[in-house]
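J.: show me the folded form of this:
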Amino acid sequence: LGLGGTPLWPKHIFVFVYSMEASPILIAIDFGTAFSSYCISVNSGHDTSKKTERYETETVILFNENQEFEKFGVEALTAYTKMTSSEASQNLMISTMDSKQLPALKVFSESLRYLKDHALKALSETVAESLVLPQDVTWVLTVPAIWDNAAKDFMRQAAQKVTFLKTSSSIHPSIHLLNLLNLILEQPGQGTGKKSTQVLCNSPFFSFSGGTVDITVHEVLDDGSLKELQKASGGGWGGFSVDSKFTAFLRQIFGPVLWEIYKNEHPAELQKMMHTFSIQKCTEKEDIYIECPHNLAKLAAKNKDISSYFSQLEGACWTDGNIKISYEKLASFFTESIKNILEKIKEILDTPEISIDFILLVGGYASSSLLREAVKREFGSRYKILCPYESQLAVAKGAVIFGTDSKIIHSRVSALTYGINMSRKYDPLLHDPKKRRVNKAGDYTYCTGLFLNLVSKGQSVEHDEDAQYTFFPVDDDQTEAGFRFFSTEKLNAIYIDEPGLKEIGSFVLPMPDIRLGTNREIHLKIKFGLTEIKANAIDTSSGEVQKIKLKFMSE
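T.: Predicted coordinates for the structure are as follows:
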């Protein structure tokens, strides 16, 4: 294949929007690892505070022995705790993805289905049901910024199984810190009494959700839109990290053998106890009291008096059927998580080309006073620290803002290098002899398996930016052209079979009209501006346009 054209830089991708055009009703779903929420906006606009219905629940789903959906959220947790041990063993409650127990696609799609139906029911109580048509609703689904394309495509498949719309869907980009524009607009203007977006220059916004920490850096431009300055980063340093320290402490108290028996035989009680801990761990400098589950106390009492388990223990004691944990011990559960977060923030702040004014904390983990105080203590003297009220719902509320105007994202930074396979005229000084090929006619020698860079890691691309490439067939009678898409951490890959290159999708373009032989042109248009990479191919011989949707998941 021959080629002409200019390179393209991609946009970071992490929000799916399902709608054909602007709609009067917008419903945003924030599907999280620990908690999920949605936000409904009627009469679109940037002011979500006066026009929305909001809902939040734990991301817990209950299936029966036939893998049929039963309950979601707190209802699932309550129903599960009411079961006998034998009943519970026949059901599967999944709060995180575990395809070994149940098809993950089913788990995610059923979770989204519940949230969708719950949102529509809430909407019908506000707007007459007969007045709401499917095409009147725009759906926005957020996913973590640090997910790769395969994970995002998996979530897209789950959403499509729910059928948010009977029509085809269009996908748009956004950010995972989605309520920040309102916070920006609330900054007072200098001496004018008016709101101003000029206050913020280069501002990092940090999202701390239940299980993961997503960190992004954005600049607020003069028109209020956001320019991404650095690719999203983060890790599993969120609430789940704290939970694991808590369970390790319980294991220390009761001993590994007893704890394993309890964990395996009474998972419902354990889940309920973790639910209690998840609420209390965000306390404001107070000791917390966790009611000791019945079966845990029963197992412990078989060996010795339960209070004796705490006799030589620092930071916890037994009091009236409760495990009392001191605030100091609770704070120790956060130490590793907060240390990782502060180190990552400092790494970003020390980047020479980034000048920071504000740090914004949103997401469920941002409700932790320990985290907020640590960030303020470390960075408060140099930067203004913001944490919105209802920090978890800020994500869903911000998704409403994005759904109203996707152009709020001015540009993005690519997390990886993306490219496709191609062939060029063979050059013995440049190309590997093992990749030398000759076409059927014997009049063209070319190098196969070359990597054409479409976008480089770390490069910025503006909203809706695209590029066009021209290709030619190698053989006169060629009736199709195959394109394979790859991603890599490398900046200068040459061949598609190099270590570190991962195939992320492919498509085949039919070329039925062979009358012009190798003089036929294929115009390939690549757009990275949406939450999926799209490619439109035109066979100029017939004028037929082929629209191709790239797949980022192996079948």
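J.: what's around Gln280, how many residues?
T.: Neighbour count of Gln280, defined by other Cβ atoms under 10 Å: 15. Heads up, the C-betas are built off the backbone N, CA and C, glycines and all.
J.: please apply the same query to the one 5 residues further on.
T.: Here the count is done by other Cβ under 10 Å, and Lys285 has 11 residues near it.
J.: ok, and the closest non-adjacent residue to it?
T.: Nearest residue to Lys285 in three dimensions, chain neighbours excluded: Tyr327, at 5.6 Å (Cβ to Cβ, 6 or more residues apart in numbering).
J.: how about the closest residue to Pro293 other than its chain neighbours, what does it touch?
T.: In this structure, Pro293 finds its nearest non-sequential neighbour in Glu269, 3.9 Å apart by Cβ to Cβ, 6+ apart. Neighbouring residues of Glu269 by Cβ atoms under 8 Å, 6 or more residues apart in numbering: 81, 262, 293-296.
J.: for Asp466, give its distance to Gln546.
T.: As for Asp466, its distance to Gln546 is 16 Å (criterion: Cβ to Cβ, to the nearest Å).
J.: next SSE downstream of the strand or helix carrying Leu360?
T.: Take DSSP states H and E as the rule and Leu360 turns out to sit in strand 358-362. Per DSSP H and E, the first helix or strand lying C-terminal to strand 358-362 is helix 369-379.
J.: just the CA coordinates for that following helix, please, in PDB.
T.: Extracted in PDB, the C-alpha atoms of helix 369-379 (Å, rounded to 0.1, in the frame of the first residue of the first chain):
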ATOM      1  CA  SER A 369     -11.200  14.100  56.000                       C
ATOM      2  CA  LEU A 370      -7.800  12.400  56.300                       C
ATOM      3  CA  LEU A 371      -7.200  12.600  52.600                       C
ATOM      4  CA  ARG A 372      -8.400  16.200  52.400                       C
ATOM      5  CA  GLU A 373      -6.300  17.300  55.300                       C
ATOM      6  CA  ALA A 374      -3.200  15.500  54.000                       C
ATOM      7  CA  VAL A 375      -3.500  17.300  50.700                       C
ATOM      8  CA  LYS A 376      -4.100  20.700  52.300                       C
ATOM      9  CA  ARG A 377      -1.200  20.100  54.700                       C
ATOM     10  CA  GLU A 378       1.200  19.200  52.000                       C
ATOM     11  CA  PHE A 379       0.100  21.600  49.200                       C
END
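J.: now do that helix against strand 358-362, angle only.
T.: Relative orientation of helix 369-379 versus strand 358-362 (axes from the mean of the first three to the mean of the last three Cα atoms, to 10 degrees): 170 degrees.
J.: past helix 369-379, which element shows up next along the chain?
T.: Past helix 369-379, the next helix or strand by DSSP H and E is strand 384-386.
J.: wait, Leu370 sits on Ile338?
T.: Yes: the criterion here is Cβ atoms under 8 Å, and Leu370 meets it with Ile338 at 6.8 Å.
J.: tell me, how many neighbours does the nearest residue to Leu386 once chain neighbours are set aside end up with?
T.: Leaving out its chain neighbours, the residue that sits closest to Leu386 by Cβ to Cβ, 6+ apart is Leu360, at 4.7 Å. Number of residues near Leu360 (other Cβ under 10 Å) recorded here: 25.
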